[in-house]
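A.B. asks: My questions concern the predicted model and sequence given below.
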Amino acid sequence: MNVQAKPVAAPAAVSTPGQGAKRPVPVIPQDSRLRKIAAEVLPPLLILAVLLAVWEFAGRQPGATLPAPSQVWTQSYDLIVNPFYDNGGLDKGLFWHLSASLTRVFMGFSIAAVVGIATGLLIGTSTFAMRGLDPIFQVLRTIPPLAWLPLSLAAFREAQPSAIFVIFITSVWPIIINTSVGVRNVPQDYRNVAAVIRLRGPAYFLKVVLPAAAPYIFTGLRIGIGLSWLAIIAAEMLIGGVGIGFFVWDAWNSSNLTDIIVALVYVGLVGFALDRLVALVGRLVTRGTMAN
Amino acid sequence: MPAFLDISRLTIAFPRSPVPVLSDVELAIEKGEFVAVIGHSGCGKSTMLNVVAGLLEPTLGGVVLDGREISGPGPDRAVVFQNHSLLPWLTCYENIKLAVDQTLRGSMSRKERHEWILHNLALVRMTHAKDKRPHEISGGMKQRIGIGRALAMKPKVLLMDEPFGALDALTRAHLQDQVMQIHAELGMTTMMITHDVDEAVLLSDRIVMLTNGPNAHVGEILHVDLPRPRDRLALANDPRFINARAAVLEFLHARHANPALEAA
Ligand SMILES: Nc1ncnc2c1ncn2[C@@H]1O[C@H](COP(=O)(O)OP(=O)(O)O)[C@@H](O)[C@H]1O
Ligand SMILES: [Mg+2]
């Protein structure tokens, strides 16, 4: 007798609720979307309002050295409402200063990304390169960005490439280090799979190592872009020309404190946007499959 | 004449450890045979499988597969790893495709390979999830893709290292039944590591019992003379099943009790 075909009779006592009559689908009350957004947005707005109020109060005390928010609004009104004006020279709206700075960051960071990922892949794969380069990098990466500026100016003799070099040298280290860690940490499981199907050389590198290291690489890029933005503001203060860093310095020289405050708000917002942008690209590229 | 898969005088010592993990392991597996290797945790089961897979070099002795001494890993010895080892950035289809493209490029056209991948997805009943990524499917499904990937390489021998060890009892039973069905269909030579006595008796033609390590070796080999197809419900009360089970349990718990538990 074929035992597999034998049907197993269900015990009669077991009832099967809801099979005959249609069972009503319970309606689970859901939070409205609006409420969710409010829950996200309200707390920071509330805290912001409190902080602004404290600042306003402090700024109105007699002998206060810094302007209150209301003063910032009235004194820098033109700057705030019109970021696109261009009166020639350095007298431009904040949009132009920011875009000049972003262009530098974009160039320096792109070079850093290419060089950093390539070097990181090399270090990650070659023990010799690792032994030789790692100690050097560990020393170089502790040098503050601005310390490179004089040397960079001496080498390039121009402001623009010097600034780009400072961006590059600031952001390349975390990219190199994270990439090489990613390559070294390709899980043994994946290596075994590749070994069994005899996937080797460039194909192994492209199909296993690079995707496995991608989350690490994007961590490096994210740290790198943050450092770039920190470095460019400082570098531009010294170098001059159009750029948000020099704008701040210029405003300080003409004692325009309210302009500085407006500029700092923009610097913060742009830095935040850059960080989120790289994180977003990372999420898209690694398709939400970080590590597992 | 040597057997299809012939493990002879296999000794494996890891560096910086004076006593070998396995010593003088002898095992001959015939073509189409399903062999389970059982033993206490840490006795060297995975080590043994890794040597057959070519992922580990033996210290002494060797493995001959189909008349040729193995050296290094290769697709003729496909491995199903305990933790599925699917590449997370590839879909189920792409995971199998990577293996198929790499191993059967020379013998199949692109279209044939595509059909072959779909065929293997169907074999492990995973067609419905072919475009899902590993993190979107359950542990049992991942393991099925792992099995599908291994079979898709057209291996001479299928090596499985505790393939169902991480699964819950119901899923495990389900996958065991599927593996039995596939084995009935394809008749692939299989070496499966397990620590589950019921699983060993239910699935295999022979059960190889390893003694405790270090210096572990084949302590006993039990022939499981149960007719196929086997049905777990019917076998539960079958005296032959019960006797086989008892024999393995006796070996593991009476004669070669777990040293770690003894000490505790
Ligand atoms: N790479 C290694 N180096 C040193 N010792 C190892 C290595 N891999 C495994 N071992 C040792 O070999 C023994 C057997 O391991 P393993 O084959 O994984 O056992 P099992 O799979 O039977 O649980 C264990 O005692 C383990 O500590
Ligand atoms: Mg093991």
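C.D. replies: Arrived safely. Numbering: from 1, shown residues only, chains lettered A, B, ... in the order given. Ligands and ions are numbered 1, 2, ... in the order given.
A.B. asks: Only C-alpha atoms from now on, for both contacts and neighbour counts.
C.D. replies: Will do.
A.B. asks: Please state the offset of the helix or strand containing B:E94 from the chain centre?
C.D. replies: For B:E94, the element it lies in under DSSP states H and E is helix B:92-104. Relative to its parent chain, helix B:92-104 has a centroid offset of 20 Å by C-alpha atoms, centre = their mean, to the nearest Å.
A.B. asks: So B:S23 belongs to a strand, correct?
C.D. replies: Yes. Counting by DSSP: H, G, I helix; E, B strand; the rest coil, B:S23 falls inside a strand.
A.B. asks: For the stretch 51-200 of chain B, just list every one of the strands.
C.D. replies: For the stretch 51-200 of chain B, applying DSSP state E, counting those that start in this stretch gives strands covering B:60-65, B:68-69, B:77-80, B:157-161, B:189-194.
A.B. asks: winner for burial among those?
C.D. replies: strand B:77-80 (a mean of 28; mean count of other C-alpha atoms under 10 Å in any protein chain shown).
A.B. asks: Now the strands of the stretch 51-200 of chain B in a markdown table, please, with extra columns for mean pLDDT and distance to B:P239.
C.D. replies: Output for those, formatted as a markdown table (pLDDT from 0 to 100; distance: least, C-alpha to C-alpha, whole Å):
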| stretch | mean pLDDT | distance to B:P239 |
| --- | --- | --- |
| strand B:60-65 | 94 | 35 |
| strand B:68-69 | 94 | 40 |
| strand B:77-80 | 96 | 32 |
| strand B:157-161 | 97 | 28 |
| strand B:189-194 | 97 | 22 |
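A.B. asks: Go through the ones you listed and name the closest to chain A.
C.D. replies: strand B:77-80 (6.7 Å; C-alpha to the nearest C-alpha).
A.B. asks: and that closest one, does that touch chain A?
C.D. replies: Yes. Residues of strand B:77-80 contacting chain A under C-alpha under 8 Å from any C-alpha of the partner chain: B:R77, B:A78, B:V79.
A.B. asks: Cross-check the contact I'm expecting between the last one and B:G148.
C.D. replies: No. Look at B:V79 against B:G148 with C-alpha atoms under 8 Å: they stay out of range, at 10.7 Å.
A.B. asks: will you turn the strands of the stretch 51-200 of chain B into JSON lines that also has distance to ligand 1?
C.D. replies: Listed next are these as JSON lines, based on distance: least, C-alpha to the nearest ligand atom, whole Å:
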{"stretch": "strand B:60-65", "distance to ligand 1": "16"}
{"stretch": "strand B:68-69", "distance to ligand 1": "22"}
{"stretch": "strand B:77-80", "distance to ligand 1": "14"}
{"stretch": "strand B:157-161", "distance to ligand 1": "8"}
{"stretch": "strand B:189-194", "distance to ligand 1": "8"}
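A.B. asks: Tally up the residues packed near the spatially closest residue to A:D86 that is not a sequence neighbour, please.
C.D. replies: In space, and not counting its chain neighbours, A:D86 is closest to A:K92: 4.3 Å by C-alpha to C-alpha, 6 or more residues apart in numbering or on different chains. Using other C-alpha atoms under 10 Å in any protein chain shown, A:K92 has 19 other residues around it.
A.B. asks: List the contacts of A:K92.
C.D. replies: Residues near A:K92 by C-alpha atoms under 8 Å, 6 or more residues apart in numbering or on different chains: A:P83, A:F84, A:Y85, A:D86.
A.B. asks: how close does it get to ligand 1?
C.D. replies: 65 Å (C-alpha to the nearest ligand atom, to the nearest Å).
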